[in-house]
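In: next come a sequence and a model predicted from it.
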Amino acid sequence: MKIKIEYGIDLNGHVVATTYFGEKIYEGWGSSALDAKKDLVEKVKLLINLPAPEIMEV
């Protein structure tokens, strides 16, 4: 399974990693893109109860 991750920065300077599964939006937060991606992948793994997804970065 592959997920597409988009990165952005919020008003406080934190990195936000976002992905879309069906109609749901998942976000990970961190002080760097790597931290945000790790947070997002952990949330996705917990929420969909699947092995770690293959990451396709934007």
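Out: That came in fine, so what should we check first?

In: ramachandran angles for the spatially most central residue of the chain?
Out: By C-alpha atoms, centre = their mean, the chain has its centre lying nearest to residue 40, at 3.2 Å. Main-chain dihedrals, residue 40, degrees, to the nearest 10: phi -60, psi -50.

In: that one contacts residue 5, correct?
Out: Yes: Residue 40 sits in contact with residue 5 when judged by C-beta atoms under 8 Å, with a separation of 6.5 Å. C-betas here are computed from N, CA, C, even on glycine.

In: now do the shared contacts for these two.
Out: 17, 18, 19 (C-beta atoms under 8 Å, 6 or more residues apart in numbering).

In: neighbour-wise, which one of those leads?
Out: residue 17 (26 neighbours; other C-beta atoms under 10 Å).

In: for it, name its beta-bridge partners.
Out: When assigned by DSSP bridges, residue 17 has beta-bridge partners residue 7, residue 28.

In: model confidence for it, exactly?
Out: Per-residue confidence (pLDDT) for residue 17: 92.

In: same question, residue 49
Out: Here, the pLDDT recorded for residue 49 equals 63.

In: equivalent analysis for the one 3 residues further on, please.
Out: If you check residue 52, the pLDDT there is 57.

In: now the one 4 residues further on
Out: The score at residue 56 is 57. That number is its pLDDT.

In: likewise residue 41?
Out: 85.

In: can you check residue 20 too?
Out: pLDDT, residue 20: 85.
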